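**Q** Pasted the sequence and its predicted model underneath.
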Amino acid sequence: MRLGTRRSALATTQSGHVADLIRSRLGREVELVEITTEGDVSAAPLATLGGTGVFVSALREALLRGEVDVAVHSLKDLPTAPAEGVALVAVPPREDPRDVVIARDGLTLGELPVGSRVGTGSPRRAAQLEALGLGLDISGIRGNVDTRIRKVTSGEYDAVVLARAGLLRLGRADEATEVLDPLQMLPAPGQGALAIECRSTDTELVADLARLDDHTTRAAVTAEREVLSTLEAGCSAPLGALAEVVEGEDGDELWIRAVALSPDGGLSVRMSATGAVADAAGTGHRLASEMLADGAASLMGNTGMEAAVRKQS
């Protein structure tokens with residue numbers, strides 16, 4: 001089985017994890033095939049490259065051309081609209097979805113002096129950092145995990161904000177100086193989860209790979225992505241969402257919270273909802289609809305998006 005992956009250390013590590021699952025649970029041998037995407041070769045801010053999907057299209061094209069049999073993505077990079085000929089067959093158990101800070105001298109966000117330069121390539125993180133009112137200088141940044149951490153150790157930045165899941169998968173979680181509570185920083189929809197795709201016409205492979213799907217993770221990310229879809233936002237929009245399956249009085253239930261912010265973090269719509277695990281999409285849609293009714297649409301219009309792109313440039 002040929003498994004398509006981006007070339008970065010994090011992507012190949014994630015794809016290697018899925019390859020190990022396929023070998024151990026399905027008994028099939030796997031070969032990793034590296035694919036270069038536009039997001040890997042361009043240094044431009046992700047928002048100017050099209051945001052969501054910039055790391056996905058090349059892998060999907062290789063899949064549809066028959067160059068690979070399976071593709072693995074970070075789920076937060078996956079557009080919410082279905083792709084013709086491609087099936088999202090499995091979402092394995094999720095890694096920790098929270099964000100972390102890696103700062104000089106072991107500092108936390110609250111300990112950084114006013115004016116400290118904090119790097120992030122995400123308008124979602126930038127808006128939530130601004131909303132904390134700590135007087136930090138939020139600056140755009142691109143590059144892989146190594147590149148971003150080096151910018152702190154070299155003194156170019158005082159801190160960077162990254163996904164904890166990536167550090168855990170790379171065995172570098174100890175380098176984080178603070179794990180951010182979702183009350184401070186809600187993650188991107190799908191953050192920490194992986195998506196396994198194959199051609200929808202490969203019915204035998206679809207059925208095989210579906211055995212790798214984790215029911216709890218699938219429900220959580222389905223709700224989060226429905227919020228994203230309903231609000232018609234991409235990864236360049238200041239939107240965070242996190243869903244969890246928790247034990248309720250009548251069995252498991254889904255709990256989700258989300259926030260939409262203006263690019264400067266000055267305005268926000270923050271809400272939560274609960275629902276049945278079996279109706280994850282419906283719960284996410286209901287929450288997003290309530291956010292739209294409360295003014296979220298005005299935060300995520302073209303003017304706000306353009307401001308976010310300029311800020312990250």
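**A** It's in. Residues are numbered from 1 along each chain as shown.

**Q** show me what contacts the closest residue to D213 other than its chain neighbours?
**A** Closest residue in space to D213, ignoring its immediate chain neighbours: A90 at 4.1 Å, by Cβ to Cβ, 6 or more residues apart in numbering. In this view, the C-beta of every residue, glycine as well, is placed from N, C-alpha and C. By Cβ atoms under 8 Å, 6 or more residues apart in numbering, A90 lies in contact with A195, I196, L209, A210, R211, L212, D213.

**Q** a helix runs through the fifth one, doesn't it?
**A** Yes. Inclusion of R211 in a helix is indicated when DSSP: H, G, I helix; E, B strand; the rest coil is applied.

**Q** which residues in the stretch 51-200 of the chain form strands?
**A** Under the criterion DSSP state E, counting those that start in this stretch, the stretch 51-200 of the chain carries strands at the ranges 70-74, 86-90, 99-103, 117-119, 137-139, 159-163, 178-179, 194-199.

**Q** packing partners for the longest one?
**A** It refers to strand 194-199. Packing partners of strand 194-199 (3 or more Cβ pairs under 8 Å, 6 or more residues apart in numbering; DSSP states H and E): helix 9-21, helix 57-64, strand 70-74, strand 86-90, helix 203-209.

**Q** Enumerate the positions of the longest helix anywhere in the chain that are buried.
**A** With secondary structure taken from DSSP state H, the chain has its longest helix at helix 215-230. Neighbour counts over helix 215-230 (16 or more other Cβ atoms under 10 Å) mark 217-230 as buried.

**Q** Quick check: pLDDT value at the residue nearest to D213.
**A** Confidence at A90, expressed as pLDDT, is 98.

**Q** what does L168 give?
**A** 97.

**Q** Spit out the contact partners of G119.
**A** G119 neighbours (Cβ under 8 Å, 6+ apart): S139, G140, I141, R148, K151, V152, Y157, A159, V160, V161.

**Q** out of the residues you listed, who's nearest L63?
**A** Lowest distance from L63 to the contacts of G119 (Cβ to Cβ) belongs to R148, with 29.0 Å.

**Q** Not counting sequence-adjacent ones, nearest residue to that closest one?
**A** V160 (4.7 Å).

**Q** Equivalent analysis for L75, please.
**A** Per Cβ to Cβ, 6+ apart, closest to L75 is G190, 3.6 Å.

**Q** Would you check that L75 makes contact with A220?
**A** No. L75 lies out of contact with A220 (Cβ atoms under 8 Å); the separation is 10.5 Å.

**Q** What strands flank the helix or strand harbouring A243, and is each parallel or antiparallel?
**A** For A243, the host element (DSSP states H and E) is strand 239-248. Sheet partners assigned to strand 239-248 using DSSP bridges are listed as strand 251-261 (antiparallel).

**Q** Check which element follows the partner strand along the chain.
**A** strand 268-276.

**Q** Send over that next one as PDB, restricted to the C-alpha atoms.
**A** The C-alpha trace of strand 268-276 is given here as PDB (Å, rounded to 0.1, in the frame of the first residue of the first chain):
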ATOM      1  CA  SER A 268     -15.900  38.100  20.000                       C
ATOM      2  CA  VAL A 269     -18.800  35.700  20.000                       C
ATOM      3  CA  ARG A 270     -18.300  32.800  22.300                       C
ATOM      4  CA  MET A 271     -20.800  30.000  22.900                       C
ATOM      5  CA  SER A 272     -21.200  26.400  23.900                       C
ATOM      6  CA  ALA A 273     -23.800  23.600  23.300                       C
ATOM      7  CA  THR A 274     -24.500  20.000  24.200                       C
ATOM      8  CA  GLY A 275     -26.100  17.300  22.200                       C
ATOM      9  CA  ALA A 276     -26.300  13.600  21.400                       C
END
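
**Q** and the gap between A276 and V227?
**A** In this view, A276 and V227 are 16 Å apart by Cβ to Cβ, to the nearest Å.

**Q** start to end distance for stretch 197-205?
**A** Counting by Cα to Cα, to the nearest Å, you get 10 Å between the two ends of stretch 197-205.

**Q** Kindly report the same for stretch 140-151.
**A** Note: stretch 140-151 ends 12 Å apart using Cα to Cα.

**Q** cool, stretch 55-73 as well?
**A** 8 Å.

**Q** Contacts only, for R23.
**A** Applying Cβ under 8 Å, 6+ apart, the residues near R23 are E29, V30.

**Q** Look up phi and psi at it.
**A** Backbone torsions for R23, taken as degrees, to the nearest 10, come to phi -70, psi -50.

**Q** Then R142?
**A** Torsion angles, degrees, to the nearest 10, at R142: phi -130, psi 170.

**Q** That one touches G121, doesn't it?
**A** Yes. Contact criterion Cβ under 8 Å: R142 and G121 qualify, at 5.4 Å.
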